[in-house]
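Trainee: My questions are about this predicted structure, shown below with the sequence.
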Amino acid sequence: MRSQVLTPADVAEKALAIVRSTKRYNDVLPLQFIEKMKHHHGTSKELDEYGIYRKNPLIVAFGDSVTAGWFEGNTLFPEAIRSKFLNDAKPVEHITDIGNVYHEVFKLMLSEKYERTSVSVVNSGISGDSVVGMNTRIERDVIRYFPDLVLLNASLNGPEDVNLYEKNLRQIAIRLKNDTQADVIFITPNLVSEGMKGTLDQRVSLMLKIANEFGFCIADTYSTWQEIQKQGIDITLLLANTLNHPTITGHQIYAMELMKLFS
């Protein structure tokens, strides 16, 4: 179902203009994946090193509810969150908008840039998950697909304990480095409502630290959202549930940040 909570057009236009004006985090690029997008055209004339037809480039998007495609809705939040952040808000059923989730928008942008190459995305986002859960399911939900590119969006749900967060994120990074041949992009998250931040700033810093240590690419969505906020935009207008799930425009920001690694 398509999300019904839209960022006002003038706000969306201003926010996306800010995204276009900001530079990517650094020049560590997914060069191996770029070469595959340039040259793997998915025809029976192209053989791999084993003498079989080359597969289309495959992306695995690994994350939580944002990656899963959750937009507005509050009925499935735990009661503790509902009472703390939503007060007497009217119950709104959750909407999963697969067509507008950031990695699908990113796939379409890639398809426009590399017109001769078919690219597939596996959505391995699970709502409510954190790096602890992702660490336990990485074999099933990432490695077994033999991905060419892995997108990791794993900050919003903690855990709040930054030492536990770092331990699990580092273990995920080791598995991605050792057990796949994929390029890896660590994606920092969107901003959330102020009351929900907790240790988010520290977790984002750890994402950047570990990505740099492992030589992974970085799509620094977080700093771009901070710039959007700095320029006077009310961040809640980019949050479909007013708490932590981006609107369609918010997902476009993610996709544009990813595409900065391909420009």
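Mentor: In hand now; what should we look at?

Trainee: low-scoring pLDDT stretches of this protein, where are they?
Mentor: Counting by pLDDT under 70, the chain has low-confidence residues at 42-44, 75-90.

Trainee: Which stretches in the stretch 101-250 of the chain count as helices?
Mentor: 102-113, 131-141, 162-179, 200-214, 221-230, 248-259 (DSSP state H, counting those that start in this stretch).

Trainee: How many residues are close by Y50?
Mentor: 7 (other CB atoms under 10 Å). (C-beta placed from N, C-alpha, C; glycine too.)

Trainee: what do you get for L47?
Mentor: Neighbour number of L47 under other CB under 10 Å is 10.

Trainee: Please identify the most buried of the helices of the stretch 101-250 of the chain.
Mentor: Stretch with highest mean neighbour count among the helices of the stretch 101-250 of the chain: helix 248-259 (a mean of 23; mean count of other CB atoms under 10 Å).

Trainee: what's next to that one, contact-wise?
Mentor: 3, 6-7, 11-12, 15-16, 19-20, 24, 66, 71, 97, 100-103, 105-106, 109-110, 113, 151, 153, 185, 187, 190, 219-221, 224-225, 228, 238-240, 246 (CB atoms under 8 Å, 6 or more residues apart in numbering).

Trainee: Please pick the buried ones from those residues.
Mentor: 3, 7, 11-12, 15-16, 19, 24, 66, 71, 97, 100-103, 105-106, 109-110, 151, 153, 185, 187, 190, 219-221, 224-225, 228, 238-240, 246 (16 or more other CB atoms under 10 Å).

Trainee: Skipping adjacent residues, who's closest to Q231 in space?
Mentor: I18 (6.0 Å; CB to CB, 6 or more residues apart in numbering).

Trainee: swap in N212?
Mentor: I218 (7.6 Å).

Trainee: Tell me which residues touch the one you found, please.
Mentor: By CB under 8 Å, 6+ apart, the contact list for I218 reads 24-26, 28, 185-188, 208, 211-212.

Trainee: helix, strand or coil for G51?
Mentor: Under DSSP: H, G, I helix; E, B strand; the rest coil, G51 falls in the coil class.

Trainee: ok, how many other residues are close to it?
Mentor: 6.

Trainee: start the count at 4, not 1, going forward
Mentor: Okay, using 4 as the starting number, the last item reads as G54.

Trainee: Test my guess that T25 contacts T227.
Mentor: Yes - using CB atoms under 8 Å, T25 is in contact with T227, at 5.3 Å.

Trainee: partners of the residue nearest to N215 in the sheet?
Mentor: F189 (DSSP bridges).

Trainee: how close does it get to I141?
Mentor: 19 Å (CB to CB, to the nearest Å).

Trainee: what do you get for H106?
Mentor: Taking CB to CB, one finds H106 at 17 Å from I141.

Trainee: One more: T99?
Mentor: In terms of CB to CB, T99 sits 23 Å off from I141.

Trainee: Ok, R23 next?
Mentor: Taken as CB to CB, the span from R23 to I141 is 34 Å.

Trainee: what's next to the strand or helix carrying T70, contact-wise?
Mentor: Using DSSP states H and E, T70 falls within helix 68-71. Here helix 68-71 makes contact (CB under 8 Å, 6+ apart) with 64, 99, 104-106, 126-132, 154, 156, 159-160, 192-193, 247-249, 254, 257.

Trainee: Buried residues in that helix, which are they?
Mentor: Those would be 68-71, for helix 68-71 by 16+ other CB under 10 Å.

Trainee: Pull that helix out as CSV, backbone CA atoms only.
Mentor: Provided in CSV are the C-alpha atoms of helix 68-71 (Å, rounded to 0.1, in the frame of the first residue of the first chain):
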residue,chain,number,x,y,z
SER,A,68,11.8,-1.2,9.9
VAL,A,69,13.1,1.6,7.6
THR,A,70,14.7,-1.0,5.3
ALA,A,71,11.6,-3.3,5.6
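
Trainee: Was I right to think D151 contacts P60?
Mentor: Yes - taking CB under 8 Å as the definition, D151 is a contact partner of P60 at 4.7 Å.

Trainee: joint contacts of those two?
Mentor: Common neighbours of D151 and P60 (CB under 8 Å, 6+ apart) are 36, 39.
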